[in-house]
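Colleague: what's the 3D shape of this:
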Amino acid sequence: MIQAFAFYLFAVVTIASGVLTIGSRNPVHSVLWLILAFFNAAGLMLIIGAEFIAMLLVIVYVGAVAVLFLFVVMMLDVDYSELRAGVARYWPFGAVLALVLLAEIIFAVAAWNAGGIATGVKAAPVDLGVPNIQALGTVLYTCYLFIFEGAGLVLLVAMIGAIVLTQRRRRGVRPQNVSEQIRRRPEDAVRNVDAPVGQGVEL
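Modeller: Coordinates of the predicted model:
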């Protein structure tokens, strides 16, 4: 009884938080609702016994990603009036996209209710006596090793691209030359001038 109550409580709050994340006009409020959705999703993962995924949701997504989003949104100078004015023209595209996603969800639920796995599809064996984290690590580094390494390569390429974009040379910017500053002598930086009385110093 308590498990069913906890499931419906976490599920309702997660769905409501997701809707408010999309519907909030203030980006800061959207990020706060997103954090609440992550916390309740972690509760759902605990109910089904996936404690490792629940810890990932709290530590990685809430502790790093969502907080980073919050700081970035708060640091940006967002013009909310202009942001609200441009929403109306994107409503048709958003409605079509929402209908497509709804159709995919309905199709996925119908396929899940049909039961069974199609022949020829290799499913990873599950041993109920093995802890959750150990089973997840075993599956990742055996059955899905190449997919896991491919995801790591994609993240590596994205990181290198971000570094290259931030380190590109820009015109009109005077970078610091450390070696030139170290080689500079005192007589090159200081000039003694015997200024006459009543006159200023010429630079």
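Colleague: Now stretch 148-166 - C-alpha only, PDB.
Modeller: Taking Å, rounded to 0.1, in the frame of the first residue of the first chain, the C-alpha atoms of stretch 148-166 are listed here in PDB:
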ATOM      1  CA  PHE A 148      29.600   2.900 -24.300                       C
ATOM      2  CA  GLU A 149      32.900   3.800 -25.900                       C
ATOM      3  CA  GLY A 150      31.100   5.500 -28.800                       C
ATOM      4  CA  ALA A 151      29.200   7.700 -26.400                       C
ATOM      5  CA  GLY A 152      32.500   8.600 -24.700                       C
ATOM      6  CA  LEU A 153      34.100   9.500 -28.100                       C
ATOM      7  CA  VAL A 154      31.100  11.700 -28.900                       C
ATOM      8  CA  LEU A 155      31.500  13.600 -25.600                       C
ATOM      9  CA  LEU A 156      35.300  13.900 -26.200                       C
ATOM     10  CA  VAL A 157      34.700  15.400 -29.700                       C
ATOM     11  CA  ALA A 158      32.100  17.800 -28.200                       C
ATOM     12  CA  MET A 159      34.600  18.900 -25.500                       C
ATOM     13  CA  ILE A 160      37.400  19.400 -28.000                       C
ATOM     14  CA  GLY A 161      35.000  21.500 -30.200                       C
ATOM     15  CA  ALA A 162      34.000  23.700 -27.200                       C
ATOM     16  CA  ILE A 163      37.700  24.300 -26.400                       C
ATOM     17  CA  VAL A 164      38.500  25.100 -30.000                       C
ATOM     18  CA  LEU A 165      35.600  27.600 -30.300                       C
ATOM     19  CA  THR A 166      36.700  29.400 -27.100                       C
END
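Colleague: what sits up against it?
Modeller: 140-141 (CB atoms under 8 Å, 6 or more residues apart in numbering). (Glycine included, C-beta is placed from N, CA and C.)
Colleague: List the buried residues for that stretch?
Modeller: Judged by neighbour count (16 or more other CB atoms under 10 Å), stretch 148-166 contains no buried residues.
Colleague: next one: it to chain centre, how far?
Modeller: On the basis of CA atoms, centre = their mean, to the nearest Å, stretch 148-166 sits 14 Å off its chain's mean C-alpha point.
Colleague: Let me see the mean pLDDT of the biggest helix by length in the chain.
Modeller: Using DSSP state H to define each element, the chain has its longest helix at helix 91-114. Per-residue confidence for helix 91-114 averages out to 81 on the pLDDT scale.
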